[in-house]
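K.L.:
Dropping a prediction and its sequence here:
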Amino acid sequence: MRFGVLGTGHWAGAVHATSLAGHPDAEFAGVWGRNLATAKAVGAEFDVPGFDDLDALLADVDAVSIAVPPDVQAPLAERAAAAGKHLLLEKPVALSTEAADRVVAAAGSAGVASVVFFTARFRTATSTWLEQAGRTTLAGGAVTWLGPLAGSPFEGSPWRVEHGALWDVGPHALSLLVPALGPVTAVQAGAGQGDTVHLVFTHPEGRASTVTVSSTVAEMAAGIETWVHGDAGRLVLLPEFDTAVDAHRVAVDELSAAALTGGAHPCDVGFGRDVVRVLEAAQRSLASGCRETVAPCL
(Lines give C-alpha, C1' and ligand atoms only; values in the text may rest on other atoms or scores of the structure.)
Protein backbone atom coordinates (compact mmCIF):
# COMPACT_ATOMS: atom_id res chain seq x y z
CA MET A 1 0.00 0.00 0.00
CA ARG A 2 1.31 3.44 -0.97
CA PHE A 3 1.16 6.05 1.80
CA GLY A 4 1.44 9.80 1.84
CA VAL A 5 2.11 11.80 5.00
CA LEU A 6 0.03 14.92 5.55
CA GLY A 7 1.97 17.28 7.80
CA THR A 8 5.48 18.63 8.19
CA GLY A 9 5.79 19.16 11.95
CA HIS A 10 7.91 17.29 14.49
CA TRP A 11 5.55 14.32 14.95
CA ALA A 12 4.98 14.01 11.20
CA GLY A 13 8.70 13.64 10.56
CA ALA A 14 9.94 11.88 13.67
CA VAL A 15 7.15 9.29 13.78
CA HIS A 16 4.90 9.06 10.70
CA ALA A 17 7.53 9.59 8.01
CA THR A 18 10.25 7.70 9.87
CA SER A 19 7.89 4.76 10.38
CA LEU A 20 6.84 4.59 6.75
CA ALA A 21 10.35 5.07 5.40
CA GLY A 22 11.50 1.99 7.32
CA HIS A 23 8.37 -0.10 6.93
CA PRO A 24 9.07 -3.46 5.25
CA ASP A 25 5.78 -3.60 3.34
CA ALA A 26 4.29 -0.11 3.00
CA GLU A 27 5.59 2.24 0.32
CA PHE A 28 6.24 5.85 1.34
CA ALA A 29 5.24 8.02 -1.63
CA GLY A 30 5.37 11.66 -0.51
CA VAL A 31 4.77 14.44 2.01
CA TRP A 32 2.12 17.16 1.82
CA GLY A 33 2.30 20.50 3.61
CA ARG A 34 0.79 23.93 3.22
CA ASN A 35 4.27 25.34 2.61
CA LEU A 36 5.88 23.75 -0.45
CA ALA A 37 9.45 24.49 0.61
CA THR A 38 8.89 22.85 3.99
CA ALA A 39 7.14 19.84 2.43
CA LYS A 40 10.03 19.38 0.01
CA ALA A 41 12.56 19.70 2.83
CA VAL A 42 10.84 17.03 4.91
CA GLY A 43 10.42 14.82 1.86
CA ALA A 44 14.08 15.18 0.99
CA GLU A 45 15.03 13.69 4.37
CA PHE A 46 13.29 10.49 3.28
CA ASP A 47 13.98 10.67 -0.46
CA VAL A 48 10.33 11.26 -1.39
CA PRO A 49 8.71 14.25 -3.13
CA GLY A 50 7.05 17.11 -1.28
CA PHE A 51 3.68 18.56 -2.30
CA ASP A 52 1.55 21.59 -1.50
CA ASP A 53 -1.19 20.35 -3.84
CA LEU A 54 -3.22 17.84 -1.83
CA ASP A 55 -5.03 16.46 -4.85
CA ALA A 56 -1.72 15.71 -6.55
CA LEU A 57 -0.51 13.67 -3.59
CA LEU A 58 -3.85 11.88 -3.19
CA ALA A 59 -3.74 10.85 -6.83
CA ASP A 60 -0.49 8.97 -6.16
CA VAL A 61 -1.32 7.07 -2.94
CA ASP A 62 -3.68 4.47 -1.47
CA ALA A 63 -3.69 5.82 2.08
CA VAL A 64 -2.72 8.88 4.09
CA SER A 65 -1.04 9.11 7.47
CA ILE A 66 -2.13 12.44 8.93
CA ALA A 67 -0.10 14.38 11.50
CA VAL A 68 -1.55 17.90 11.69
CA PRO A 69 -3.55 19.77 14.36
CA PRO A 70 -7.00 18.20 14.89
CA ASP A 71 -8.95 21.16 13.51
CA VAL A 72 -6.86 20.88 10.33
CA GLN A 73 -6.99 17.08 10.26
CA ALA A 74 -10.77 16.72 10.06
CA PRO A 75 -11.31 18.50 6.72
CA LEU A 76 -8.19 16.89 5.24
CA ALA A 77 -9.49 13.48 6.27
CA GLU A 78 -12.84 14.21 4.63
CA ARG A 79 -11.10 15.11 1.37
CA ALA A 80 -8.87 12.06 1.48
CA ALA A 81 -11.78 9.73 2.20
CA ALA A 82 -13.83 11.28 -0.63
CA ALA A 83 -10.87 10.49 -2.90
CA GLY A 84 -11.04 6.85 -1.79
CA LYS A 85 -7.94 6.90 0.41
CA HIS A 86 -7.66 4.89 3.62
CA LEU A 87 -7.10 6.94 6.77
CA LEU A 88 -4.43 6.69 9.49
CA LEU A 89 -5.41 9.54 11.78
CA GLU A 90 -3.99 11.24 14.86
CA LYS A 91 -5.87 11.77 18.11
CA PRO A 92 -8.11 13.56 18.70
CA VAL A 93 -9.68 13.17 15.28
CA ALA A 94 -11.31 16.61 15.62
CA LEU A 95 -12.09 19.29 18.18
CA SER A 96 -15.87 18.83 18.03
CA THR A 97 -18.27 15.95 17.67
CA GLU A 98 -19.82 17.70 14.69
CA ALA A 99 -16.50 17.73 12.83
CA ALA A 100 -15.73 14.15 13.85
CA ASP A 101 -19.17 13.06 12.62
CA ARG A 102 -18.33 14.46 9.20
CA VAL A 103 -15.15 12.37 9.03
CA VAL A 104 -17.07 9.26 10.10
CA ALA A 105 -19.66 9.94 7.40
CA ALA A 106 -17.00 10.55 4.73
CA ALA A 107 -15.17 7.32 5.55
CA GLY A 108 -18.43 5.38 5.60
CA SER A 109 -19.67 6.80 2.32
CA ALA A 110 -16.39 6.04 0.58
CA GLY A 111 -15.99 2.62 2.16
CA VAL A 112 -12.42 3.31 3.24
CA ALA A 113 -10.66 1.79 6.24
CA SER A 114 -9.62 3.98 9.16
CA VAL A 115 -7.36 3.70 12.20
CA VAL A 116 -6.73 6.36 14.84
CA PHE A 117 -3.17 6.28 16.19
CA PHE A 118 -3.73 6.05 19.93
CA THR A 119 -0.07 5.21 20.46
CA ALA A 120 -0.35 2.84 23.42
CA ARG A 121 -3.03 0.74 21.73
CA PHE A 122 -0.50 -0.50 19.16
CA ARG A 123 1.96 -1.93 21.68
CA THR A 124 2.09 -5.63 22.54
CA ALA A 125 2.03 -4.96 26.28
CA THR A 126 -1.25 -3.06 25.94
CA SER A 127 -2.86 -5.84 23.91
CA THR A 128 -1.84 -8.35 26.58
CA TRP A 129 -3.14 -6.07 29.35
CA LEU A 130 -6.52 -5.67 27.64
CA GLU A 131 -6.79 -9.42 27.09
CA GLN A 132 -6.13 -9.98 30.80
CA ALA A 133 -8.65 -7.28 31.70
CA GLY A 134 -11.23 -8.99 29.50
CA ARG A 135 -10.91 -12.17 31.57
CA THR A 136 -11.54 -10.32 34.85
CA THR A 137 -14.71 -8.96 36.45
CA LEU A 138 -13.73 -5.31 36.78
CA ALA A 139 -15.02 -2.61 39.12
CA GLY A 140 -13.03 0.37 37.89
CA GLY A 141 -9.68 1.84 37.02
CA ALA A 142 -7.48 4.91 36.95
CA VAL A 143 -5.04 6.76 34.70
CA THR A 144 -2.64 9.49 35.75
CA TRP A 145 -0.77 11.04 32.83
CA LEU A 146 1.42 13.97 33.78
CA GLY A 147 4.12 15.77 31.85
CA PRO A 148 5.57 19.19 31.06
CA LEU A 149 4.85 20.65 27.62
CA ALA A 150 7.61 23.18 28.26
CA GLY A 151 10.92 21.94 26.92
CA SER A 152 9.29 19.24 24.81
CA PRO A 153 9.17 19.18 20.99
CA PHE A 154 5.52 20.28 21.30
CA GLU A 155 6.20 23.43 23.32
CA GLY A 156 4.34 26.32 21.73
CA SER A 157 2.00 24.06 19.75
CA PRO A 158 -0.98 26.43 19.39
CA TRP A 159 -3.76 23.86 19.66
CA ARG A 160 -2.15 22.14 22.65
CA VAL A 161 -1.67 25.45 24.44
CA GLU A 162 -5.27 26.46 23.74
CA HIS A 163 -7.02 23.17 24.52
CA GLY A 164 -4.66 21.76 27.14
CA ALA A 165 -4.04 18.27 28.42
CA LEU A 166 -7.72 17.32 28.37
CA TRP A 167 -7.70 17.21 24.57
CA ASP A 168 -4.04 16.29 24.07
CA VAL A 169 -3.54 13.59 26.71
CA GLY A 170 -7.13 12.72 27.58
CA PRO A 171 -7.60 10.65 24.40
CA HIS A 172 -4.77 8.34 25.47
CA ALA A 173 -6.45 7.66 28.81
CA LEU A 174 -9.81 7.00 27.16
CA SER A 175 -8.24 4.67 24.60
CA LEU A 176 -7.16 2.43 27.51
CA LEU A 177 -10.10 2.68 29.89
CA VAL A 178 -12.98 2.38 27.43
CA PRO A 179 -12.02 -1.03 25.98
CA ALA A 180 -11.41 -2.33 29.51
CA LEU A 181 -14.43 -0.86 31.32
CA GLY A 182 -16.93 -0.02 28.60
CA PRO A 183 -18.14 3.26 27.11
CA VAL A 184 -18.26 6.41 29.22
CA THR A 185 -21.86 7.37 30.00
CA ALA A 186 -21.20 10.40 32.21
CA VAL A 187 -18.31 12.56 33.39
CA GLN A 188 -17.57 14.93 36.25
CA ALA A 189 -14.58 17.22 35.69
CA GLY A 190 -12.62 19.55 37.91
CA ALA A 191 -9.73 21.90 37.11
CA GLY A 192 -6.39 21.89 38.88
CA GLN A 193 -3.35 24.12 38.53
CA GLY A 194 -2.20 25.00 35.03
CA ASP A 195 -4.01 22.82 32.54
CA THR A 196 -4.43 19.95 35.01
CA VAL A 197 -7.85 18.29 34.80
CA HIS A 198 -9.33 15.68 37.15
CA LEU A 199 -12.07 13.46 35.73
CA VAL A 200 -14.49 10.88 37.12
CA PHE A 201 -15.97 8.65 34.40
CA THR A 202 -19.08 6.51 34.78
CA HIS A 203 -19.08 3.24 32.84
CA PRO A 204 -21.81 0.58 32.49
CA GLU A 205 -22.85 -1.77 35.32
CA GLY A 206 -21.63 0.53 38.08
CA ARG A 207 -18.02 0.64 36.97
CA ALA A 208 -16.17 3.94 37.38
CA SER A 209 -12.72 5.33 36.65
CA THR A 210 -10.68 8.37 37.52
CA VAL A 211 -8.27 10.26 35.31
CA THR A 212 -5.81 13.06 36.00
CA VAL A 213 -4.02 14.65 33.05
CA SER A 214 -1.66 17.58 32.85
CA SER A 215 0.89 19.12 30.51
CA THR A 216 2.02 21.76 32.97
CA VAL A 217 3.55 19.83 35.88
CA ALA A 218 7.17 20.12 36.95
CA GLU A 219 9.53 17.77 35.14
CA MET A 220 10.22 15.83 38.35
CA ALA A 221 6.47 15.17 38.72
CA ALA A 222 6.06 13.66 35.25
CA GLY A 223 4.89 10.09 34.90
CA ILE A 224 2.20 7.72 33.67
CA GLU A 225 0.22 5.26 35.77
CA THR A 226 -2.56 3.05 34.39
CA TRP A 227 -4.47 0.29 36.16
CA VAL A 228 -7.83 -1.41 36.45
CA HIS A 229 -9.09 -3.38 39.44
CA GLY A 230 -11.59 -6.14 40.05
CA ASP A 231 -12.10 -9.57 41.55
CA ALA A 232 -8.56 -10.63 40.62
CA GLY A 233 -6.92 -7.57 42.18
CA ARG A 234 -5.17 -4.71 40.44
CA LEU A 235 -3.95 -5.06 36.86
CA VAL A 236 -1.22 -2.52 36.07
CA LEU A 237 -0.11 -1.43 32.60
CA LEU A 238 3.50 -0.34 32.72
CA PRO A 239 4.34 2.66 30.51
CA GLU A 240 6.68 2.33 27.56
CA PHE A 241 8.72 5.16 26.11
CA ASP A 242 10.45 5.81 22.78
CA THR A 243 8.36 3.18 20.99
CA ALA A 244 6.10 5.45 18.91
CA VAL A 245 7.73 4.57 15.58
CA ASP A 246 7.31 0.84 16.19
CA ALA A 247 3.71 1.42 17.31
CA HIS A 248 3.01 3.43 14.17
CA ARG A 249 4.29 0.58 12.01
CA VAL A 250 1.83 -1.75 13.75
CA ALA A 251 -0.94 0.77 13.03
CA VAL A 252 0.10 0.79 9.36
CA ASP A 253 -0.10 -3.01 9.28
CA GLU A 254 -3.52 -3.01 10.92
CA LEU A 255 -4.89 -0.33 8.59
CA SER A 256 -3.62 -2.34 5.61
CA ALA A 257 -5.32 -5.46 6.97
CA ALA A 258 -8.60 -3.60 7.53
CA ALA A 259 -8.44 -2.21 4.00
CA LEU A 260 -7.90 -5.70 2.62
CA THR A 261 -10.66 -7.42 4.59
CA GLY A 262 -13.15 -4.56 4.80
CA GLY A 263 -13.49 -5.12 8.54
CA ALA A 264 -13.78 -2.40 11.18
CA HIS A 265 -10.79 -1.73 13.44
CA PRO A 266 -11.34 -1.26 17.21
CA CYS A 267 -9.61 2.13 16.94
CA ASP A 268 -11.38 3.28 13.80
CA VAL A 269 -12.72 6.77 13.22
CA GLY A 270 -16.00 5.81 14.89
CA PHE A 271 -14.15 5.10 18.13
CA GLY A 272 -12.17 8.31 17.62
CA ARG A 273 -15.48 10.21 17.34
CA ASP A 274 -16.72 8.58 20.57
CA VAL A 275 -13.58 9.85 22.34
CA VAL A 276 -14.29 13.37 21.09
CA ARG A 277 -17.84 13.06 22.42
CA VAL A 278 -16.49 12.29 25.91
CA LEU A 279 -13.98 15.15 25.75
CA GLU A 280 -16.76 17.58 24.83
CA ALA A 281 -18.81 16.40 27.80
CA ALA A 282 -15.77 16.86 30.06
CA GLN A 283 -15.29 20.39 28.68
CA ARG A 284 -18.94 21.17 29.48
CA SER A 285 -18.49 19.80 32.98
CA LEU A 286 -15.47 22.01 33.55
CA ALA A 287 -17.55 25.03 32.54
CA SER A 288 -20.69 24.11 34.46
CA GLY A 289 -19.24 22.37 37.50
CA CYS A 290 -21.90 19.69 37.01
CA ARG A 291 -21.88 16.05 36.05
CA GLU A 292 -22.48 15.80 32.31
CA THR A 293 -24.11 12.91 30.46
CA VAL A 294 -22.33 11.57 27.39
CA ALA A 295 -24.95 11.16 24.68
CA PRO A 296 -24.80 7.76 22.99
CA CYS A 297 -24.11 7.55 19.28
CA LEU A 298 -27.25 7.38 17.15
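P.N.:
Arrived safely, thanks for sending. Residues are numbered from 1 along each chain as shown.
K.L.:
Helices of this protein, start to end?
P.N.:
Ranges of helices in the chain, per DSSP state H, are 10-11, 18-21, 36-45, 54-58, 70-82, 97-110, 124-134, 158-168, 170-181, 244-261, 269-288.
K.L.:
now the ones you listed in a markdown table, with mean pLDDT?
P.N.:
A markdown table is the format used below for these (pLDDT from 0 to 100):
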| stretch | mean pLDDT |
| --- | --- |
| helix 10-11 | 96 |
| helix 18-21 | 98 |
| helix 36-45 | 98 |
| helix 54-58 | 98 |
| helix 70-82 | 98 |
| helix 97-110 | 98 |
| helix 124-134 | 96 |
| helix 158-168 | 97 |
| helix 170-181 | 98 |
| helix 244-261 | 97 |
| helix 269-288 | 98 |
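K.L.:
what's the most buried one of those helices?
P.N.:
Mean neighbour count (mean count of other CB atoms under 10 Å) peaks for helix 170-181 among the helices of the chain, with a mean of 24. The C-beta positions use only the backbone N, C-alpha and C, and glycine is treated the same way.
K.L.:
Name all residues that make contact with the residue nearest to residue 168 when sequence neighbours are not counted.
P.N.:
In this structure, residue 168 finds its nearest non-sequential neighbour in residue 160, 5.0 Å apart by CB to CB, 6 or more residues apart in numbering. By CB atoms under 8 Å, 6 or more residues apart in numbering, the contact list for residue 160 reads 149, 154, 167-168, 215.
K.L.:
Check residue 30 too.
P.N.:
By CB under 8 Å, 6+ apart, residue 30 lies in contact with 4-5, 43, 48-51, 57, 60-61.
K.L.:
Got phi/psi on the residue nearest the centre of the chain?
P.N.:
Taking CA atoms, centre = their mean, the centroid of the chain lies closest to residue 91, which sits 2.6 Å from it. Backbone torsions for residue 91, taken as degrees, to the nearest 10, come to phi -100, psi 150.
K.L.:
same deal with the one 5 residues further on?
P.N.:
Main-chain dihedrals, residue 96, degrees, to the nearest 10: phi -150, psi 150.
K.L.:
any idea how far residue 39 is from residue 96?
P.N.:
Applying CB to CB, to the nearest Å, the value for residue 96 to residue 39 is 27 Å.
K.L.:
still on that earlier bit, save the helices of the chain as JSON lines, and put in distance to residue 198 too.
P.N.:
Converted to JSON lines, the helices of the chain look like this (distance: least, CB to CB, whole Å):
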{"stretch": "helix 10-11", "distance to residue 198": "27"}
{"stretch": "helix 18-21", "distance to residue 198": "34"}
{"stretch": "helix 36-45", "distance to residue 198": "38"}
{"stretch": "helix 54-58", "distance to residue 198": "40"}
{"stretch": "helix 70-82", "distance to residue 198": "23"}
{"stretch": "helix 97-110", "distance to residue 198": "22"}
{"stretch": "helix 124-134", "distance to residue 198": "23"}
{"stretch": "helix 158-168", "distance to residue 198": "10"}
{"stretch": "helix 170-181", "distance to residue 198": "11"}
{"stretch": "helix 244-261", "distance to residue 198": "27"}
{"stretch": "helix 269-288", "distance to residue 198": "10"}
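K.L.:
Residue 273 is in contact with residue 103, correct?
P.N.:
Yes. The criterion here is CB atoms under 8 Å, and residue 103 meets it with residue 273 at 7.3 Å.
K.L.:
Please enumerate the shared neighbours of the two.
P.N.:
Common neighbours of residue 103 and residue 273 are listed as 93-94 (criterion: CB under 8 Å, 6+ apart).
K.L.:
picking that back up, how close does the residue nearest to residue 168 sit to residue 221?
P.N.:
18 Å.
K.L.:
burial count for the nearest residue to residue 149 once chain neighbours are set aside?
P.N.:
Nearest residue to residue 149 in three dimensions, chain neighbours excluded: residue 215, at 4.1 Å (CB to CB, 6+ apart). When counting by other CB atoms under 10 Å, one arrives at 25 neighbours for residue 215.
K.L.:
What residues does residue 110 make contact with?
P.N.:
81-84.
K.L.:
one more time with 10 Å
P.N.:
Contacts of residue 110 were listed using CB atoms under 10 Å, 6 or more residues apart in numbering, and they are 78, 80-87.
K.L.:
Those: which two are farthest apart?
P.N.:
78 and 86 (13.8 Å; CB to CB).
K.L.:
Name the residues contacting each of these two.
P.N.:
By CB under 10 Å, 6+ apart, residue 78 and residue 86 have these common neighbours: 107, 110.
K.L.:
that older thread, what does the residue nearest to residue 149 show for phi and psi?
P.N.:
Backbone geometry at residue 215, expressed as degrees, to the nearest 10, gives phi -120, psi 20.
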